[in-house]
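Q: I need the structure of the sequence given here:
(one chain, ligands or ions: 1)
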Amino acid sequence: MSAISLSDIHMSFGETRALEGASLQADLGEIHAIVGENGSGKSTLAKIMSGVILPDSGEIDILGVRPTRPSDAIAAGISTIYQEIFVAEDLSIWENIFAGVDGLWRKRCRTSEKKALARDVLKRLAEVDIDPDTPVSDLPLNLKQWIVIARAILQKPRVLIFDESSAALDLDATNRLHLEMLALREAGSCIILVTHRIAELVKITDRATVLRDGKTVGRLEKGEVTEDRLLQLMSADTRHNALGSRARTVVPAAQKPALEARRMRLPGGGAPIDFKIHPGEIVGLSGLDGAGQSEFLRRLAGIDPAPSGTVRVWDKSTEWRSITCLAEAEAAAITYVSGDRKKEGIFPNLSIFENFAMPLYGRHSGRGGMIDTETLHACFAQEEARLSIKHGARQDRITTLSGGNQQKVLIARAFAQNPRVILLNDPARGVDIGTKQDLYTHLRAFASEGGAVVYLSTEIEEFFDFADRADVFFEGSLFASFEQGGITQDNILAAMFGKSHPIEFDETVRAGGRM
Ligand SMILES: Nc1ncnc2c1ncn2[C@@H]1O[C@H](COP(=O)(O)OP(=O)(O)OP(=O)(O)O)[C@@H](O)[C@H]1O
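A: Numbering: from 1, shown residues only. Coordinates of the predicted model:
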């Protein structure tokens, strides 16, 4: 029998059947992926393995234990890194790294040792040398993600479950994470990997279990884990496999840009940035973490002020209008979708519908401030169908949705605002491959009707056949731009590292480690 065995698991949340006959068998010394569309039950299965929720029925044996509480799982050597980044914002880095595992360390480890360990592990994982007393609230999202990963790895787990936990990491960081996973596998641990980054998964996993609508629909052995096979199993619908390439957008020479930045400098950044996007164009933004692309996008959206330079839009009635704050961006029909939904996207205490409708209330209210809920519900129905949002009742809290479906609500909200320019900051984080492709289709349709799309992604593959141009940031400035044809993995990777020509990468690192 396998070291990890779950058979015929059923689990419902009220009316929602999250798992309906899911099974998984994995062994120590392997990397095992759980794959499936948004809402197919992956996180629920991961939470059952971690003792966070108890299933309604089914057989469970993980290293001889059936965890009924998180502490059972931890005691048996099972560590989990969840999709949402759980850190205590008011505590320091070292306190966060040792939070919850203090009982395991208290007797053996003094505070000074914990601080030293915390500093060392972050040097290795995140390649930053940072004071372990720094409050976590001051840190960017990717460092918070590393803290959570460090906490799990320091427990030397026998089973380590990653639930969509590389989603905040850039390419370089993901490669380092893969090396950690491979080292743990070598040491005899089992890694359970839940991810939508299919290309990455194919490189690193030994076996895969595929879920569809809460059921296990396939188990793939090493040689069988291919992108095509996974897609076939994940979705009964074959439409996702037919993704044609995008015809190049030809911008008339005299056309005014939909949005432009002139001589913009980023805080602590490098050379001033000149940027233009025309109606009908899709521009991809990328770069290693901290290279400035995210800061740049936020300034285009009017969220943060630029230390120097201007952002402006062309409007037939007013001619040029500058954007210096959110209100001006909204008035100019610029919408922004954040990939950090927990921090700046969702309102966790509100319902699914309220999260969608909130920015639309002003637009759909009549005399006396009465909100036209009927129209808003019709808008919701349209977007729900467009993005296949899987949910229970509309009045349920947004937090009852799977992570990917929460993200879809935010994307739906942006579309429903009838923008002229849509700015997306890694929007497909945690979104399944089928929905990603649907999202590209909708963005293309939006562009073909004259909209402009700026799309930041940590996954280079997202730009192929999709973007008209890919702009790559390096050390706080715009370093290189590639047009269709030049948008290749080698060109973009080289520019991310500040090189003008494709670099010879060590294939083992590119593939995620030593196989
Ligand atoms: N606490 C909850 N209350 C109500 N419904 C829930 C709850 N947790 C999960 N669900 C529902 O169970 C189903 C499976 O959710 P789960 O989070 O396991 O999916 P997933 O495959 O991990 O999706 P994703 O890829 O989007 O993270 C979804 O329909 C979700 O809305």
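Q: for whichever residue of the chain sits closest to the ligand, give me its contacts.
A: Nearest residue of the chain to the ligand (C-beta to the nearest ligand atom) works out as residue 404 at 2.7 Å. Glycine gets a C-beta too; all of them are placed from N, C-alpha and C. Shown in contact with residue 404 (C-beta atoms under 8 Å, 6 or more residues apart in numbering): 37-39, 196, 430-432, 435.
Q: let's see that with 7 Å instead.
A: By C-beta atoms under 7 Å, 6 or more residues apart in numbering, residue 404 lies in contact with 38-39, 430-432, 435.
Q: ditto for residue 355
A: Each residue near residue 355 by C-beta under 7 Å, 6+ apart is listed here: 346-347, 398, 409.
Q: show the buried residues in the residues you listed.
A: Listed as buried from the contacts of residue 355 are 346, 398, 409; burial here means 16 or more other C-beta atoms under 10 Å.
Q: can you give me the helices for the stretch 301-450 of the chain?
A: 326-331, 341-344, 352-357, 373-386, 403-416, 433-448 (DSSP state H, counting those that start in this stretch).
Q: what's the most buried one of those?
A: Mean neighbour count (mean count of other C-beta atoms under 10 Å) peaks for helix 403-416 among the helices of the stretch 301-450 of the chain, with a mean of 24.
Q: angle of that one against helix 433-448?
A: 10 degrees (axes from the mean of the first three to the mean of the last three C-alpha atoms, to 10 degrees).
Q: need the CA coordinates for helix 403-416. PDB is fine.
A: C-alpha atoms of helix 403-416 as PDB (Å, rounded to 0.1, in the frame of the first residue of the first chain):
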ATOM      1  CA  GLY A 403      -9.300  30.800  -5.000                       C
ATOM      2  CA  GLY A 404      -9.500  30.700  -8.800                       C
ATOM      3  CA  ASN A 405     -13.200  31.600  -8.700                       C
ATOM      4  CA  GLN A 406     -12.600  34.600  -6.400                       C
ATOM      5  CA  GLN A 407     -10.100  35.800  -9.000                       C
ATOM      6  CA  LYS A 408     -12.700  35.400 -11.700                       C
ATOM      7  CA  VAL A 409     -15.100  37.600  -9.800                       C
ATOM      8  CA  LEU A 410     -12.500  40.400  -9.800                       C
ATOM      9  CA  ILE A 411     -11.900  40.000 -13.500                       C
ATOM     10  CA  ALA A 412     -15.700  40.000 -14.100                       C
ATOM     11  CA  ARG A 413     -15.900  43.200 -12.100                       C
ATOM     12  CA  ALA A 414     -13.300  44.900 -14.300                       C
ATOM     13  CA  PHE A 415     -15.100  43.900 -17.500                       C
ATOM     14  CA  ALA A 416     -18.400  45.100 -16.200                       C
END
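Q: off-centre distance for that helix?
A: 13 Å (C-alpha atoms, centre = their mean, to the nearest Å).
Q: how about the residues of this structure by the ligand?
A: 13, 16, 18, 36, 38-44, 83, 390, 400-405, 430, 432 (C-beta under 6 Å from any ligand atom).
Q: can you tell me the closest non-neighbouring residue to the residue of the chain closest to the ligand?
A: Of all residues not flanking residue 404 in the chain, residue 38 sits nearest, at 3.1 Å (C-beta to C-beta, 6 or more residues apart in numbering).
Q: since we're on the one you found, how many residues are nearby?
A: Other residues near residue 38 number 25, with proximity taken as other C-beta atoms under 10 Å.
Q: how about the contacts made by it?
A: 390, 402, 404-405, 431-432, 435.
Q: which one of these is nearest to residue 30?
A: Nearest to residue 30, judged by C-beta to C-beta, of these is residue 432 at 23.4 Å.
Q: so who does that closest one touch?
A: Under the criterion of C-beta under 7 Å, 6+ apart, the contact list for residue 432 reads 37-38, 196, 404.
Q: list phi and psi for the residue most central in space within the chain.
A: The structure's the chain has its C-alpha centroid closest to residue 429; by C-alpha atoms, centre = their mean the separation is 2.0 Å. Dihedral pair for residue 429: phi -60, psi 120, per degrees, to the nearest 10.
Q: then residue 467?
A: phi -90, psi 150.
Q: got the contact list for the residue nearest to it when sequence neighbours are not counted?
A: Setting aside the residues directly before and after it, residue 467 is nearest to residue 284 in space (C-beta to C-beta, 6+ apart), at 3.8 Å. Going by C-beta under 7 Å, 6+ apart, residue 284 touches 455, 457, 463, 467, 470-471.
Q: go with 10 Å
A: With contacts defined as C-beta atoms under 10 Å, 6 or more residues apart in numbering, residue 284 is in contact with 293, 424, 453-457, 460, 462-464, 466-472, 482, 487, 492.
Q: among those, name the ones in helices.
A: 293, 492 (DSSP state H).
Q: reformat the contacts of residue 432 as TSV; add pLDDT.
A: Formatted as TSV, these follow (pLDDT from 0 to 100):
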residue	pLDDT
37	85
38	83
196	82
404	81
